[in-house]
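Novice: prediction below, plus the sequence it came from.
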Amino acid sequence: MSSGADPADAVADEDDDPADATVSTGAVPPDAAVNGGDVPTGGPTGAAANDGEDPAGSLRAAARELVDIAILIQDAAAHTTAALTDTALLRALPHASATGRPAYRALLRAATNRHGLGYALTGTHTPTGPTPATLTTAATTPVALTGSTSSAVFGVLATLAGKVGAMLGGESLAVRVLATSLRLRVAAVAVDHPELSEDPLVVRLIEAAAADRDLEAVRALRALLKDRGAVRALSLLAPVFGEVLALRALLDENPLNDATAWLIATGRGFATADPFTGMSNRAVALLDLGEGGARRVEPTPAESARLSTRGSLLGVLGNIGTIGTTGRALIQSVEGPDGVIRHILQAPGMRVGHPDGRSPQDLLGAFSSAVLDSSPYSRALAQAVADYGLPPDAELALVGHSAGGAAIMNLAQDPGFCARHRVTHAIAVGAPVDFKRPADPRTWVASVTNQHDLIPTLDGQGAGSCFDLHPGWYVVDYTDSTHLFPLCHGIEHYLANLADDLPEARAHIDERLKPFHGPVVRSQAYLLFDRPPDPEEFPFLTVPTRPVETAGATADLPIRCRDGSALTAYFAARPGVAARLLKGSGLAPLLVAGRALVGVHAAWNRRSSAGGHRELQIGIVVSGPGRRSAWSGRRGLFRRAELRRSGDFLLGSAVDTPMARELGPRLWGGETYLTALDVRVGVRRGAGPGVRSALVVADGIFTMEGRLGPGLPMSDPGSVGYAGDAGALLRSSVRARGSARLHPAPPMRLSVEPRSPHPLARRLRELGVDGARPLLCLSAATRQSIRDAAVPVPPA
């Protein structure tokens with residue numbers, strides 16, 4: 001059997017360091033044979049494998065030869081089909097000699113008989129001996145075999161006939177040879193992973209897939225999931241996941257996934273479609289739109305304390321773990337041993353949860369980064385680098401984990417980015433990057449993957465690959481005792497493996513990163529977006545401001561809150577007490593079924609121009625100045641604040657910061673107390689998906705907590721308050737932007753602090769609200785707001 005290795009796989013750059021050969025390791029201790037340069041360039045098909053010293057290597061070498069043979073058979077089938085459908089031959093056939101027609105029938109039998117090429121009619125042709133430029137397109141690009149339009153039409157008809165034959169169970173010899181290659185790849189992996197051949201449930205599934213027994217394969221998979229659970233089952237299958245999927249796609253009756261099966265089995269490109277259905281991956285990835293955007297943000301004090309202060313492989317991976325999957329990336333500048341300032345871009349993986357229309361680090365962004373050459377994630381990283389401001393010809397290292405690894409490789413293979421920046425290193429950890437190639441041949445590339453990690457196999461190549469796709473890369477493909485996925489995919493797990501179990505690989509990568517070893521002199525985090533975001537306060541918070549002096553500092557009015565949450569609860573109260581408390585204000589309580597309403601408004605202004613603070617207002621609901629009907633007053637409760645008459649006549653307010661207390665009389669009037677407050681509104685952890693709850697604790701006054709129940713979505717209308725001031729009536733308002741929910745009769749309760757002497761606690765007890773449940777709640781888990789100074793109401 002002659003080897004048909006691709007020329008691109010046999011040639012390495014003359015400048016390549018021999019130590020940068022592919023490194024494939026067995027189990028981490030005691031078999032962590034990471035030598036950094038003892039494996040010859042050419043990887044698993046090298047001399048050691050051919051000498052029979054490595055059983056797995058021999059199996060992979062045989063699998064590779066079968067791939068070349070399958071491609072030659074497929075070429076022969078394409079040429080045979082071309083001859084059968086040649087228009088000149090078909091026109092001449094009725095007039096052919098006695099030997100001509102039998103020759104045509106023999107040719108037809110060769111292309112449709114299982115003793116020949118099998119059912120091998122095809123209208124496309126895959127050239128042999130691919131060059132590097134055609135490696136990723138040869139298996140999917142049809143090549144016309146004749147110049148005539150009629151022949152092309154017949155070629156299409158032959159292709160359709162081939163697809164129909166496949167649907168009816170017909171197989172070509174090329175498919176059978178390629179399936180044998182995949183079985184050899186599975187056997188090679190089983191040498192290093194004996195659990196694949198020792199676990200009867202796994203063996204049953206693999207054998208069913210290899211034998212094209214779909215029903216049996218489904219039953220075997222169900223039995224495996226039932227007995228082992230999803231996590232354990234995926235972890236067991238991870239080393240041969242790509243091969244099993246390719247076997248099923250190659251042998252099933254679905255013609256739509258055949259191209260993907262060929263790509264995985266021949267190693268000629270990224271799997272362009274789902275191996276199960278044949279749905280195009282690129283069609284899904286193109287849903288991830290956006291030119292990318294980045295905004296500077298500051299890590300929390302706890303995060304800043306954990307960021308590495310020196311450049312190193314473990315330090316950078318630790319930084320990625322610290323930043324986490326929060327939609328952010330990090331750029332650091334380090335002073336190397338030679339005094340030169342160099343820079344490191346650090347990109348985390350996918351953030352957990354549903355697709356996020358703003359962040360490129362969501363599930364869709366991770367998918368597009370792996371499938372496409374450019375994605376919103378990589379473009380957002382490029383925006384961050386541009387904002388960071390690298391000096392001309394400054395050296396830049398790119399390091400990424402998971403989706404971040406695919407995104408930094410997209411940057412490395414972007415000629416425009418590499419023309420603007422000198423990319424010296426690209427290190428991808430746990431990422432599907434087998435079919436990405438740096439634009440600058442001087443870029444040193446390292447890939448670190450755990451063989452039980454499914455994510456790196458999403459491009460179709462995993463532990464069973466028999467192709468040396470990157471002779472010049474430093475590839476660490478290892479396994480350890482922790483086989484559980486997704487645990488083995490976490491950055492913390494890779495960090496621990498490199499720190500404790502792969503000392504030679506870590507030392508080799510750190511040696512190549514030596515110019516970046518040194519103190520960190522600058523660090524900047526970026527929040528990444530699918531599209532460039534609007535300025536943070538634009539347009540709602542973009543308003544004229546004026547300074548006001550307080551005892552502690554200068555503040556700007558109006559108070560602008562960029563991020564906050566709020567809850568307003570309405571309770572039935574004693575009408576006589578409410579009327580007495582309103583005496584002299586010129587206002588009357590708004591009655592519902594003969595009862596007055598008390599409003600309790602609590603807000604947490606997380607990021608505001610007056611600093612983060614919480615506030616609480618308690619008031620009696622009134623219809624506002626002037627003669628208005630009770631119905632119009634009730635209806636006006638949910639109009640926008642700037643148009644509303646109805647509001648709460650404040651009985652008192654509380655805040656939790658000195659500045660907010662200083663501003664209170666100016667903002668809403670009346671007495672403002674300083675006390676500890678806790679305000680939480682939103683989905684409660686551990687209570688099930690979508691269960692909304694609220695908690696308001698005013699130290700020494702009351703506690704209100706419970707589930708909010710179902711709510712009607714609406715725009716946050718804001719709030720309106722009234723207060724007496726030396727015989728005048730002041731009106732204050734909060735204008736809000738964001739979504740809110742209206743909750744009728746929520747199952748929560750307000751409990752006044754027992755025996756509390758606080759004035760607000762006494763007022764609540766007088767009104768009969770202690771122990772009551774609200775009639776209605778309005779909640780806003782996130783919003784922006786503007787609160788200006790209270791103004792006097794003009795006299796009637």
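Specialist: Yep, it's here.
Novice: residue 346 bridge partners, please.
Specialist: When bridges are called by DSSP bridges, residue 346 pairs up with residue 330, residue 399.
Novice: number of nearby residues for it?
Specialist: By other CB atoms under 10 Å, 30 other residues sit near residue 346. Every residue, glycine included, has its C-beta placed from N, CA and C.
Novice: confirm that residue 102 sits in a helix.
Specialist: Yes. Counting by DSSP: H, G, I helix; E, B strand; the rest coil, residue 102 is found in a helix.
Novice: report how many residues lie close to it.
Specialist: A count of nearby residues for residue 102, using other CB under 10 Å, gives 11.
Novice: got it, and residue 795?
Specialist: 8.
Novice: and it, how far from residue 643?
Specialist: Separation of residue 795 from residue 643 (CB to CB, to the nearest Å): 21 Å.
Novice: one more: residue 675?
Specialist: To residue 643, residue 675 is 33 Å away according to CB to CB.
Novice: go on, residue 432?
Specialist: Noted for residue 432: a distance of 55 Å to residue 643, by CB to CB.
Novice: more neighbours: these two, which one.
Specialist: A direct count of neighbours by other CB under 10 Å for residue 432 and residue 643 places residue 432 higher, at 29 against 10.
Novice: surely the more buried one is in contact with residue 458?
Specialist: Yes. Residue 432 lies in contact with residue 458 (CB atoms under 8 Å); the separation is 4.4 Å.
Novice: mind listing the shared neighbours of these two?
Specialist: Common neighbours of residue 432 and residue 458, using CB atoms under 8 Å, 6 or more residues apart in numbering, are residue 370.
Novice: where does the stretch 1-150 of the chain have low pLDDT?
Specialist: Residues of the stretch 1-150 of the chain meeting the criterion pLDDT under 70: 1-53, 86-101, 111, 113, 116, 118-150.
Novice: buried ones in the helix or strand in which residue 714 is found?
Specialist: Assigned by DSSP states H and E, residue 714 falls within strand 712-715. Using 16 or more other CB atoms under 10 Å as the test for burial, strand 712-715 gives no buried residues.
Novice: contacts for that strand next, please.
Specialist: Here strand 712-715 makes contact (CB under 8 Å, 6+ apart) with 638, 738, 739, 740, 741, 742, 743.
Novice: contact partners for the residue nearest to the first one when sequence neighbours are not counted?
Specialist: Here the nearest residue to residue 638 in space, its sequence neighbours aside, is residue 717; by CB to CB, 6 or more residues apart in numbering that works out to 5.1 Å. By CB under 8 Å, 6+ apart, residue 717 lies in contact with 638, 639, 640, 641, 644, 736, 740, 778.
Novice: relative to residue 620, how far out is the nearest residue to the fifth one once chain neighbours are set aside?
Specialist: So that's residue 644. Leaving aside its chain neighbours, residue 644 sits nearest to residue 720 (5.0 Å; criterion: CB to CB, 6+ apart). For residue 720, the distance to residue 620 equals 13 Å [CB to CB].
Novice: which one's more surrounded, these two?
Specialist: Using other CB under 10 Å as the criterion, residue 720 and residue 620 rank with residue 620 on top: 28 against 24.
Novice: so the more buried one, which of the three states?
Specialist: strand.
Novice: my read: it touches residue 646, true?
Specialist: No. Look at residue 620 against residue 646 with CB under 8 Å: they stay out of range, at 11.5 Å.
Novice: check whether residue 386 sits in a helix, strand or coil.
Specialist: Put simply, residue 386 is helix when judged by three-state DSSP.
Novice: tell me how many other residues surround it.
Specialist: Look at residue 386: counted by other CB under 10 Å, it has 13 neighbours.
Novice: cool, residue 562 as well?
Specialist: Residue 562 sits with 16 neighbouring residues when counted by other CB under 10 Å.
Novice: per-residue confidence for residue 461?
Specialist: We have a pLDDT of 71 for residue 461.
Novice: so what's it up against?
Specialist: Counted by CB under 8 Å, 6+ apart, residue 461 has contacts 242, 264, 267, 434, 467, 469.
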